[in-house]
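# Just to be clear, the model below is a prediction. Sequence and coordinates:
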Amino acid sequence: MTRPTTPRPRRGERGQGKLLLRALGGERIGRPPLWLMRQAGRYLPEYRELRARAGGFLEMCLTPELAVEATLQPVGRYALDAAILFSDILVVPYALGQAVAFSEGEGPVLEPIHDPGGLARLGIAQFETRLAPVYEAVAQVASMLPVGTALIGFAGAPWTVASYVVEGGTSRDFATVKTWALGRPQEFSRLVDLLVEATVEHLARQARAGAEVLQLFDSWAGVLSEAEFDRWCVEPTREIVRRLGQVCPDVPIIGFPRGAGLGYERFVERTGVQAVGLDPAVPLVWAARELQPRCALQGNLDPALLVVGGAALRRQAERILAAWGQGPFIFNLGHGVLPTTPPEHAAELVEIVRAWQG
Ligand code: 1CP
C-alpha cells in the first residue's frame, strides 16, 4: 500500500493529519496510533490527588474544570495519539433520571429498574441540561489538545448500560437483566430503545462540541448467546451508527463488543463501525484475516501485561504489531488499564509502539 505524505496539521484544524483519524479512515500507518482504554485513572498519582480534591466521582464527571484536568493528565505524561474524555458510561442513566452513586471501593450503585413501573420513571426531559457540563468539558479539551492528538468521546452501548440500570450495579451472573431480556423481550426492548435514543443524543452532542471520534463500550456483550447478542448488541449498535451517520457523518465510530468471540465477525459486518475494539482473547491471525479487511482493528494487549512490564510486555506488544500493523490498526489494550499498573510501564509501551517500523 502506498503511504500518502501527511500534511502538517495546524492547531484547531479538524485534523486530517492525526494518526488516529488516518487509521480510522482505513489507512495503514508505519507506526500505528496508540491510546489506552482508561488511560486516566487510579494508576496515576496525579489522578488520585485530583480525585481526593474533587470529592465524589460523579461530581468530577460533571465539573468541567475537573473532567478537563483528568482528561489531559495522561496526554501530558505520555506521548499518546488520543485523549478520551474523562466521564463514565453511567452518566446516561443519571441524566435519564435514575439515582446513580459511586461508592468508594464498591463501584457504581444504582436504584435498580426491572419493570414497566421503573421504566416510567426514566425519560429524556432533563437529559441535555443534566449533561451540559460534559459537553462543556469536551469543548474545553478540544481547544487545549496538542496538535496531532485526537479527542475521543464515548458512551456505553445499550446492553451494557441496561445491565447496570437493571442490576443496580456490577453483576457476576447478569441474572436479573437476562431474565427480563429473555422472559419479556418486548418490554425490555422499551428500555433498549430509550437507551438507543439517549446514546445517539449523547454522542452527537459530544461530536458537536468537538469530539473527533466516538467509541461505544459494550463491556458485557460477551455474556450473551448468539441470538441475544444479535438482538441486544448488534442491532442497537447498528441503529446508533445509522442515526449518527445522519447527524455527524464525518465522525468515525469504534465499537467494542468485549468478549464477543466469533460474534465479532457479525458485529463488524452488520453495524458499519469504522473500527472494532478487540479483547485479549481474540486470536491475532484470525482477526487480521477475517476482520481487518472490513475495518480498522483496535487492541488487544492484556492489561495485566502492563502491570508486569519488561520483556513479557515487549514480546506480546511486538506480536500484536507484527500481526496487525500491516493494515489499519490502532494500538490499545484489550480492556482498561488496571489500577495496579506502574505508570512507567505505560511509558515503556509508548516507546515500544513509537519505535516500531512496520
Ligand atoms: O473512584 C474512581 O476514581 C472511579 C473509577 C472510575 C473511573 C476512573 C469509574 C467508575 N469510571 C472511570 C472513568 C471511565 N469509565 C472512563 C474514562 C476515560 C478513560 O480514561 O478511559 C471510561 C471510558 C469509562 C467507561 C466505563 N465505565 C465502562 C466501560 C469500559 C470498561 O471498563 O468496561 C464501564 C463498564 C463503566 C462502569 C464503571 N464506572 C466506574 C467503575 C469502577 C465501573 C466498572 C464497574 C464494573 O466492573 O462493573
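Arrived safely, thanks for sending.

# And the average pLDDT for stretch 344-358 is what?
For stretch 344-358, the mean pLDDT works out to 96.

# For that stretch, buried residues please.
Within stretch 344-358, the residues scored as buried using 16 or more other CB atoms under 10 Å are His345, Ala346, Glu348, Leu349, Val350, Ile352, Val353, Trp356. C-beta coordinates here come from the backbone N, C-alpha and C atoms, glycine included.

# Narrow those to those in strands?
Assignment to strands by DSSP state E places none of the buried residues of stretch 344-358 there.

# how about CSV for those, with distance to Phe329 added?
Below are the buried residues of stretch 344-358 laid out as CSV (distance: CB to CB, whole Å):
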residue, distance to Phe329
His345, 21
Ala346, 19
Glu348, 20
Leu349, 15
Val350, 16
Ile352, 14
Val353, 10
Trp356, 11
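
# Farthest-apart pair in those residues, please.
The span of the buried residues of stretch 344-358, defined through CB to CB, is set by His345 and Trp356 at 17.0 Å.

# Distance-wise, check Leu349 relative to Val307.
Applying CB to CB, to the nearest Å, the value for Leu349 to Val307 is 12 Å.

# what do you get for Glu212?
Separation of Glu212 from Val307 (CB to CB): 30 Å.

# try Glu27
Remark: distance between Glu27 and Val307 (CB to CB) = 32 Å.

# For the stretch 251-358 of the chain, just list every one of the helices.
Counting by DSSP state H, counting those that start in this stretch, the stretch 251-358 of the chain has helices at residues 263-271, 284-290, 303-308, 310-324, 343-355.

# helices and strands around the third one, which ones?
In this case it means helix 303-308. helix 310-324, helix 343-355 (3 or more CB pairs under 8 Å, 6 or more residues apart in numbering; DSSP states H and E).

# that older thread, could I get the helices of the stretch 251-358 of the chain in CSV, plus columns for distance to Ile124?
Below are those laid out as CSV (distance: least, CB to CB, whole Å):
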stretch, distance to Ile124
helix 263-271, 23
helix 284-290, 37
helix 303-308, 35
helix 310-324, 39
helix 343-355, 38
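
# Which one of those helices lies nearest to the ligand?
Nearest to the ligand among the helices of the stretch 251-358 of the chain is helix 303-308; the distance by CB to the nearest ligand atom comes to 9.7 Å.

# what about Glu212 and Val307, which has more around it?
A count of neighbours by other CB atoms under 10 Å puts Glu212 above the other of Glu212 and Val307, at 23 against 16.

# Surely the more buried one touches Ala150?
Yes: using CB atoms under 8 Å, Glu212 is in contact with Ala150, at 5.0 Å.

# What's the local residue count around Gly107?
Neighbour count of Gly107, defined by other CB under 10 Å: 11.

# ugh, typo on my part, it should be Gln186
Gln186: 6 surrounding residues under other CB under 10 Å.

# Quick check: pLDDT value at it.
As predicted, Gln186 sits at a pLDDT of 98.

# Close to the ligand: what parts of the stretch 251-358 of the chain are there?
When proximity is defined as CB under 6 Å from any ligand atom, the stretch 251-358 of the chain approaches the ligand at Gly336.

# Single out the residue in the stretch 251-358 of the chain that lies closest to the ligand.
Closest approach between the stretch 251-358 of the chain and the ligand, counting by CB to the nearest ligand atom: Gly336, at 4.1 Å.

# right, and Ile330 touches Leu34 too?
Yes: between Ile330 and Leu34 there is a contact at 7.4 Å, judged by CB under 8 Å.
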